[in-house]
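Visitor: Next comes the sequence, and after it the predicted model I'd like to discuss.
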Amino acid sequence: MSSTLERRVVTLGGTPVGAGPAVVIGGRVSLRDRRGDAGRPPRGRATLVEPSGAGDLPWIAERADGVVVGAAWTRDIPLVRAVAGLGLPVVVERRPSASLEEWLALAGYCAAEGNDQVILCEGGRLDLGLLRAARAASGRPVVADVRADPGLSAAAVAAGADGLIVADPAVGAGPDGVPYARAGDDGPTGGPGDSPAGGPAVGLEGGLGGDPVAEAAGGFADGGRRAAEEAVTLLGALVRPETPGTLGECREAIDRVDAALATLLERRAALAGVVQTLKPVGGFAGRDPGRERALVARMARRAPGLGEERLAAIMKVVIEAGLHLAEERRAQQ
């Protein structure tokens, strides 16, 4: 199908996932890693929860914003159908060996149960080409689970991911590295101060109890969230067209573009400083009007709405700011 297929939007915990900006999603919990604590899921509210079996579904229906069809049990079609029957948004994770057709078929099972609130999820060793293909072929939101490697956040957004699932500082790691809700030494059994909290960009809240392993995981999670937030802000502003419908949404979109613009301007200023050390004549005396005109003409082809005249005025300020900064730094050396 065409990549211009009409995009579906799924609202997860009040946040639209699909068309519009990419989002950061925290607080994925796997009840498959409760290590024998059946019947005692975490207290409070969770964002995304993967059940260990049909017995978990009543709790998930009451406390979760979305339910995960985990890669480990995607062939359990009765459970997939039962999960879809909850009426919650369903995140369908691709099994590592599954083809695009098999992945999309699972979404079809959910739709057959009357639940079309399906988000596709690529995890593990991300196949970004398949992620892009799934988004184009289905029109459904596609997210990337980057908990294992937050460094892939930027690549996932560039590939078209509508969201990034990140580790949460209040989520511990199970024996296989899959996070579970930490609540003391006995695993995710719940307890004061260890309640999951709602919100797709919030995840779980609660102290880590002084556990050094959990504290290390928390530091990793914080870094992973920062990487994800930078990716959805900076790269998202460049690769995701947005059509905000409210003043607030428009201002948020402008903030993302401004963040990307500031990052590029800082980088340009740094490169301008390098140029001054390489040119025979540096500083304002070494300016090349012909090159500047050619630069503006090239930019105008990318920004025809602004045109050469407006861009020339903008770039004059940008170039001169870079030259002033280079001179200031040279004087400080």
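Guide: Ah, there it is. Residues are numbered from 1 along each chain as shown.

Visitor: domains in this structure, as residue ranges please.
Guide: 10-242, 250-332 (automatic domain parsing).

Visitor: any idea which of these is most buried?
Guide: With neighbours taken as mean count of other Cβ atoms under 10 Å, these reach their highest mean count in domain 10-242, at a mean of 20. Every residue, glycine included, has its C-beta placed from N, CA and C.

Visitor: quick revisit: okay if I get the domains of the chain as a markdown table plus mean pLDDT?
Guide: Shown next, in a markdown table, are those (pLDDT from 0 to 100):
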| stretch | mean pLDDT |
| --- | --- |
| domain 10-242 | 78 |
| domain 250-332 | 92 |
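
Visitor: Okay, helices next: where are they in the stretch 151-300 of the chain?
Guide: 153-158, 212-230, 236-239, 247-278, 289-302 (DSSP state H, counting those that start in this stretch).

Visitor: I'd like those helices laid out as TSV, including distance to Ala134.
Guide: Converted to TSV, these look like this (distance: least, Cβ to Cβ, whole Å):
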stretch	distance to Ala134
helix 153-158	13
helix 212-230	20
helix 236-239	17
helix 247-278	25
helix 289-302	30
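
Visitor: Quick check, central residue of this structure?
Guide: Centroid check for the chain by Cα atoms, centre = their mean gives Leu164 as the closest residue, at 2.6 Å.

Visitor: That residue contacts Ala231, doesn't it?
Guide: Yes - counting by Cβ atoms under 8 Å, Ala231 is a contact partner of Leu164 at 6.8 Å.

Visitor: any shared contact partners between these two?
Guide: Common neighbours of Leu164 and Ala231, using Cβ atoms under 8 Å, 6 or more residues apart in numbering, are Ala22, Ser153, Ala156, Val157.

Visitor: wait, the last one sits on Val232?
Guide: Yes - taking contacts as Cβ under 8 Å, Val157 lies within contact range of Val232: 5.9 Å.

Visitor: Give the residues shared as contacts by these two.
Guide: Ala22, Leu164.

Visitor: can you tell me how far the closest residue to Val9 other than its chain neighbours sits from Arg330?
Guide: Once flanking residues are discounted, Val9 sits nearest to Gly18: 3.7 Å by Cβ to Cβ, 6 or more residues apart in numbering. Going from Gly18 to Arg330 by Cβ to Cβ, to the nearest Å gives 49 Å.

Visitor: Put together a markdown table for the shared contacts of Leu164 and Ala231, with distance to Gly87 on each row.
Guide: A markdown table is the format used below for the shared contacts of Leu164 and Ala231 (distance: Cβ to Cβ, whole Å):
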| residue | distance to Gly87 |
| --- | --- |
| Ala22 | 25 |
| Ser153 | 31 |
| Ala156 | 28 |
| Val157 | 30 |
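
Visitor: Farthest-apart pair in those, please.
Guide: Of all pairs drawn from these, the greatest distance, 9.6 Å, lies between Ala22 and Ser153 (Cβ to Cβ).

Visitor: tell me, what's touching the two both at once?
Guide: With contacts defined as Cβ under 8 Å, 6+ apart, the residues shared by Ala22 and Ser153 are Leu164, Ala231, Val232.

Visitor: In strands, which of those residues fall?
Guide: Applying DSSP state E to the shared contacts of Ala22 and Ser153, the entries found in strands are Leu164.

Visitor: which one of the shared contacts of Ala22 and Ser153 sits closest to Arg298?
Guide: Set against Arg298, the nearest of these by Cβ to Cβ is Ala231 (27.1 Å).

Visitor: which one of the helices of the stretch 151-300 of the chain lies closest to Gly108?
Guide: Smallest distance to Gly108 across the helices of the stretch 151-300 of the chain (Cβ to Cβ): 24.1 Å, for helix 153-158.

Visitor: what helices or strands is that closest one leaning on?
Guide: Under the contact criterion of 3 or more Cβ pairs under 8 Å, 6 or more residues apart in numbering; DSSP states H and E, helix 153-158 touches helix 128-138, strand 163-166, helix 212-230, helix 236-239.
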